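Q: dropping the sequence and predicted coords here.
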Amino acid sequence: MKVKRRTVWLLTLLSLAAVISVYYVFEPNRNVDLMTIFTDDTLEETTLTNADEKLTTPTVSESHLFEDLRMEIANERSQLREQLEQKIASSEYSAEEKNEAYNQMNELIKRESAEAMLEMLIENLGYSDALVHVKDDKVQVTVLSDEISKAQASEIIYVVRQQIDDIQDVTVSVQSNYY
């Protein structure tokens, strides 16, 4: 019986989630009232010492650019998914057209999951963030790093080709930590 790595990974993740949920369900009662965090008494009792407004700096995600790009891609795919769902539900289209729309939706789901898996695998290689975009038969990988060597780029390409079959064009680019 040949089991793919993804299947093993998914089953491991599901078992871990089940174990954690069972732990929290059967955990002894904690004597913590979580609503006490949200009372006005806490705010009145809090005092700032040696706080200077000039020294405070806002915290921003290192990869806010990646998050923006992910949102754009998600919006585009959401619109495409809606169109395909309407096509499948409509009585105006033939069975062949509905079947084609259904297949396109399945491909879209596979592409999204492959991108998420690749982003996680590339981050496990030591990068703080990665953005993977699969379009047609091309894969665009952007990593958040100051610079990468040819060996590191080759390693990323190897990971991509291991996860996605029939991909010939893999592009690796670098986004600096300081934009």
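A: Arrived safely. Numbering: from 1, shown residues only.
Q: could you check how far residue 20 is from residue 14?
A: Per C-beta to C-beta, to the nearest Å, residue 20 is found 11 Å from residue 14. All C-beta spots, glycine's among them, are computed from the backbone N, C-alpha and C.
Q: what's in contact with the helix or strand encompassing residue 24?
A: Following DSSP states H and E, one finds residue 24 within helix 5-26. For helix 5-26, the surrounding residues in contact (C-beta atoms under 8 Å, 6 or more residues apart in numbering) are residue 117.
Q: from now on call the first residue 6
A: Sounds good: first residue 6 from here, last item helix 10-31.
Q: can you check the pLDDT for the spatially most central residue of the chain?
A: Nearest to the mean C-alpha position of the chain, counting by C-alpha atoms, centre = their mean, stands residue 121 at 4.7 Å. Turning to residue 121, the model gives it a pLDDT of 91.
Q: which neighbouring elements make contact with the host helix or strand of it?
A: Here residue 121 sits within helix 100-129, counting by DSSP H and E. Packed against helix 100-129, as judged by 3 or more C-beta pairs under 8 Å, 6 or more residues apart in numbering; DSSP states H and E, are the following elements: helix 69-94, strand 135-140, strand 143-149, helix 155-168.
Q: ok, now with 6 Å
A: Helix 100-129 makes packing contacts with helix 69-94, strand 135-140, helix 155-168 when contacts are defined by 3 or more C-beta pairs under 6 Å, 6 or more residues apart in numbering; DSSP states H and E.
Q: and the last one, what does it pack against?
A: In other words, helix 155-168. Under the contact definition 3+ C-beta pairs under 6 Å, 6+ apart, helix 155-168 sits against helix 100-129, strand 174-180.
Q: ok, back up a step: looking at the helices and strands packed on helix 100-129, which is buried most?
A: Greatest average neighbour count among those goes to strand 135-140 (a mean of 20), per mean count of other C-beta atoms under 10 Å.
Q: listing partners with orientation, what would you give for that strand?
A: In the sheet, strand 135-140 lines up against strand 143-149 (antiparallel) (DSSP bridges).
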